[in-house]
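In: Predicted model follows, preceded by the sequence.
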Amino acid sequence: HITSGDMKKSAIPIGIIRFSRNCEYVNICTVRKECFRYIPGEAGMKSMRGIEIMEQNGKTRSKRSAIIIMGLALFATQFGAGNLIFPPFLGRDTGSSWFVGFIGFFLMDVGLAVAAIIATVSNKKGGVDGVMGKMGRIPGKAMVTAIIICLGPLIAIPRTAATTYEMGVKLLIPGLPQWAFGAIFYGIALLLVIRPTKVVDIIGNYLTPILLAVMVLLIVIGIVNPIDEAAILANASPMHDGIVNGYQTLDGIGGVPQTLMMITAACAYGYTTKDEIRQTVSGSAVISGTLLALVYGGLTYLGSTISGIAEYKNLEQAPLLMAITNKLLGSYGVIALTIIVLMACLTTAIGLSAVVGDYFKDLTDGKMQYKYTVVAVIVFSYILSNFGLSNIIALAGPILSILYPPLIVLVVMTLLEKVVKNDMAACVGAYVSLLASLAGTLPMGAISDMAAKLPFAADGLGWIFPAVIGCVVGAFLPKPQSKKVENLKANVNLD
């Protein structure tokens, strides 16, 4: 167990990091690139560049300057090509109520990610276990494993190729079938994930600013010369649609692992005490969240401007974004965005495959070898990607609707642990929310009918009321003691 106490006495435990190849334990503050194999999404290549810059600057920067740079690095991590398809889709389906929908989207996307980062860095244990471990040691590991699987072969990796294909490849190369494109895409990903190369790092260094520039240009043109006025849609469910689309980005469940990157950055600047780390990481999370809110909010607005146009009504997420791009930026804009998304999704697939391979190798103490795991991940992702983007999103819907509620409870109760000191409140609340989300998502007959009548169920938040009751009940339950403590007490009594 490594802490930052080597540098200052009053320090926060920041966990154990393992090299992905030789399995040596090392101090997190002395490791840079090796750490980022554990960061999901597009964090790997982008974050390494940001931390290297921080290393060069040292502690000469003020805390405010460090927070700004860390916030920009976190923004680069969270801002991904795969998530851009959801805000315009939400705006089209909510019309004039797009801002209400965006609030739901932001809460379950960036809002939850920021809260998860703050909870992870501020809890009394000072790490991921301080959040997930409230459910119990084994259930906590199961929860993290479920998150890794969703960020890997079940949802995120198959979505990379499917998104790229539907966002322009099938239009630019009409004769190329999806299965053939997927074979090329994942073949390159497999080659680069088994034999890492600096080409991936170089590509990652330039993708985010270019993609951001295109999106900002698109939003500005769409605001100055809107395609049309937002239509009033009678049957719109803005809050529900916003929450569901926010789930799909996977940013919320990726927030806890991303904290590792931010702690490393704070240490690189010399801010190693618990208060310093909490302040710098929390401040940077707020900056990243603000920037993402502006970009996603702008894209949601663009979607609302075509809500009353018939030709956009039946378009799915990816084709809709490309249609808006074509309308505002023309054919050259479509080609540029397709190439950028292709490269961004490829680097994401490579990074996520490495994350999954390393995670299961560490989880099983090397019994699941890295190379065999990433091959299985790539093959499974390729098979799933051939079902199409809309089917992958449909598959992810119920899974994420079940997984998110207990995570939200754990994050919120971790933020409140100074007020509610009994971890049983978070434990019981998380399990109750899990049961409520199961009842509200899966067909369970009379139980599902009861779940549909709960408060806020129409907005996809029917689990909140049972979760609150579970937290209240759990707060009054005695905390279970470990066997070691019980044995120690027994020995004392015998003496």
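Out: Looks like it came in fine. Numbers count the residues shown, from 1 in each chain.

In: was I right about Gly255 contacting Gly111?
Out: No - if you go by C-beta atoms under 8 Å, Gly255 and Gly111 don't touch, sitting 9.7 Å apart. (C-beta placed from N, C-alpha, C; glycine too.)

In: Those two: who's more crowded?
Out: Taking other C-beta atoms under 10 Å, Gly255 and Gly111 do not tie; Gly255 has more neighbours (29 against 20).

In: so how far is Leu315 from that one?
Out: 30 Å (C-beta to C-beta, to the nearest Å).

In: for Asn235, same thing?
Out: Asn235 is 18 Å from Leu315, by C-beta to C-beta.

In: One more: Met108?
Out: For Met108, the distance to Leu315 - C-beta to C-beta - is 23 Å.

In: So if I had to pick from those two, which one is more boxed in?
Out: Set Met108 next to Leu315 and count neighbours by other C-beta under 10 Å: Met108 wins out with 25 against 17.

In: For that one, which residues are in contact?
Out: Counting by C-beta atoms under 8 Å, 6 or more residues apart in numbering, Met108 touches 242-243, 246-247, 252, 404.

In: which non-adjacent residue is nearest it?
Out: Excluding the flanking residues, the one nearest Met108 by C-beta to C-beta, 6 or more residues apart in numbering is Gly246, at 3.1 Å.

In: Lys371 now?
Out: That would be Ile194: by C-beta to C-beta, 6+ apart, it lies 5.9 Å from Lys371.

In: Look at Gly308 and give its secondary structure.
Out: Of the three states, Gly308 takes coil according to DSSP: H, G, I helix; E, B strand; the rest coil.

In: and it, how far is that from Ala318?
Out: For Gly308, the distance to Ala318 - C-beta to C-beta - is 21 Å.

In: more crowded one of these two?
Out: When Gly308 and Ala318 are compared for neighbours, Ala318 comes out ahead with 26 against 18, by other C-beta under 10 Å.

In: Which is the succeeding secondary structure element to the one helix or strand the more buried one maps to?
Out: Ala318 is part of helix 317-363, with elements assigned from DSSP states H and E. Downstream of helix 317-363, the next assigned helix or strand under DSSP H and E is helix 370-385.

In: what's that next one in contact with?
Out: Contacts of helix 370-385 (C-beta under 8 Å, 6+ apart): 20, 152-154, 157-162, 178, 182-183, 186, 189-190, 193-194, 349, 353-354, 356-358, 360-361, 392.

In: which one of the contacts of Met108 sits closest to Phe456?
Out: Ile243 (10.0 Å; C-beta to C-beta).

In: Surely the closest one and Gly462 touch.
Out: No - applying C-beta under 8 Å, one finds Ile243 not in contact with Gly462, separated by 11.3 Å.

In: on that earlier part again, from the contacts of helix 370-385, which land in helices?
Out: Among the contacts of helix 370-385, the members falling in helices (DSSP state H) are 157-162, 178, 182-183, 186, 189-190, 193-194, 349, 353-354, 356-358, 360-361, 392.

In: Quick check on those residues: which are buried?
Out: Burial by neighbour count, 16 or more other C-beta atoms under 10 Å: within these this picks out 157-162, 178, 182, 186, 189-190, 193-194, 349, 353-354, 356-358, 360-361, 392.

In: how would you label Phe387: helix, strand or coil?
Out: coil.

In: Now the phi/psi pair for it, please.
Out: Dihedral pair for Phe387: phi -80, psi -10, per degrees, to the nearest 10.

In: show me what contacts it?
Out: So Phe387 contacts 158, 162, 395 (C-beta under 8 Å, 6+ apart).

In: And those, which is closest to Pro466?
Out: Nearest member of the contacts of Phe387 to Pro466, counting by C-beta to C-beta, is Leu395, at 25.7 Å.

In: Next up, the contacts around the closest one.
Out: Leu395 makes contacts with 154-155, 387, as judged by C-beta under 8 Å, 6+ apart.

In: Show the subsequent helix or strand relative to the helix or strand hosting it.
Out: Taking DSSP H and E as the criterion, Leu395 maps to helix 389-415. Per DSSP H and E, helix 389-415 leads on to helix 423-441 as the next helix or strand towards the C-terminus.

In: and that following helix with helix 389-415, angle?
Out: Angle between the axes of helix 423-441 and helix 389-415 is 160 degrees (criterion: axes from the mean of the first three to the mean of the last three C-alpha atoms, to 10 degrees).

In: okay, the residue nearest the centre of the chain: pLDDT?
Out: Central residue of the chain (C-alpha atoms, centre = their mean): Asp251, 2.3 Å from the mean position. pLDDT for Asp251: 85.

In: Quick one: list the elements packing against the strand or helix carrying Val295.
Out: Using DSSP H and E, Val295 maps to helix 274-304. Contact here means 3 or more C-beta pairs under 8 Å, 6 or more residues apart in numbering; DSSP states H and E; on that basis helix 274-304 packs against helix 63-78, helix 86-94, helix 98-106, helix 112-122, helix 198-224, helix 251-268, helix 317-363.
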